[in-house]
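# sequence first, predicted coordinates after that:
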Amino acid sequence: MAAKKKSYKKKKRKQSPFIILLIPVTVIALYILINQHDDKREPSGNYNKDIPAKFIPIYKAAEKKYGVPWYVLAAHHRVETRFSNMKTMVSPVGAEGPMQFMPCTFVGWKHPSCSGLGKGNIPKKEKENPAVIRKYGGYGVDADGDGIADPYNIYDAVFSAANYLAHNGAADGNLKKAVYSYNHSNEYVKEVLHFVKMYKNEF
């Protein structure tokens, strides 16, 4: 009897570690499954409200000058670079800065090097020169008055985006058309307008 009990106890001890290990592993797996998320999913309401306060005066100053609602500019900034929080401010196709301007759109498509998608081969001195931008019909703006129109400068970038959107109808109520002209993608329009609605209603 004692031997049988001993044998039974040994057998029970062999199974116990597996059961003990299985329970937390199952719990962890269920937790991960329930809480996993897709980065493409629309963010929660609390995240949507999180426009960095430092940018709002810039959006509103650009709205005052160009008539493009500030929350439209905020939505573009959010979609383009997550409010300037992307690892790089240059896209795979060559769009630059917080608002992701193609160089030829910023400087002007009349520039001799501009063709195709608009990356061009524009020297930095020309790209940042307001006189050159005027010459080639670009949308780049020197918003902070330092004599340089810099697509990487948040003031210049936001004002340039407002300038572009205004010229494409955003200041006249043709918002969907203007947003489409910015990226030529219906999915892009849908995403930007989602944030436009969110910011308009929550701020």
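That came in fine, so what should we check first?
# phi, psi of E96?
With angles defined as degrees, to the nearest 10, E96 sits at phi -120, psi 150.
# not counting its neighbours along the chain, what's nearest it?
P151 (4.7 Å; CB to CB, 6 or more residues apart in numbering). Using the backbone N, CA and C atoms, a C-beta is placed for each residue, glycine as well.
# quick check, pLDDT for that neighbour.
At P151 the predicted local distance difference test score is 98.
# what is the burial count for it?
26 (other CB atoms under 10 Å).
# contacts only, for it.
For P151, the contacting residues are E96, G97, M99, F101, P103, F106, K127, G140, A157, S160, by CB atoms under 8 Å, 6 or more residues apart in numbering.
# what separates it from F159, distance-wise?
Taking CB to CB, to the nearest Å as the criterion, P151 is separated from F159 by 11 Å.
# same question, Y199
When CB to CB is applied, the distance between Y199 and F159 equals 19 Å.
# which of these two has more residues huddled nearby?
Between Y199 and F159, counted using other CB under 10 Å, F159 has the larger neighbour count: 26 against 22.
# phi, psi for the more buried one please.
Listed backbone geometry of F159 is phi -60, psi -40, with angles given as degrees, to the nearest 10.
# once you drop chain neighbours, what's closest to it?
A143 (3.7 Å).
# in the chain, what helix or strand scores lowest on average pLDDT?
Least confident element among the helices and strands of the chain, by mean pLDDT, DSSP states H and E: helix 45-48 (a mean of 41).
# just checking, next helix/strand downstream of that one?
Toward the C-terminus, helix 45-48 is succeeded by helix 56-66 as the next helix or strand (DSSP states H and E).
# helices and strands around that following helix, which ones?
helix 70-81, helix 154-167 (3 or more CB pairs under 8 Å, 6 or more residues apart in numbering; DSSP states H and E).
# how much does it deviate in direction from helix 154-167?
Following axes from the mean of the first three to the mean of the last three CA atoms, to 10 degrees, one obtains 40 degrees for the angle between helix 56-66 and helix 154-167.
# let's number from 33 now, not from 1
Will do, 33 is the new start, and the previous item becomes helix 88-98.
# contact partners of helix 88-98?
Applying CB under 8 Å, 6+ apart, the external contacts of helix 88-98 come out as 100-103, 105-106, 109, 175, 186-187, 190-191, 193-195, 197-198, 203, 235.
# what residues are up against the residue nearest to F191?
A175 makes contact with A93, A94, N185, Y187, D188, V190, F191, S192 under the criterion CB under 8 Å, 6+ apart.
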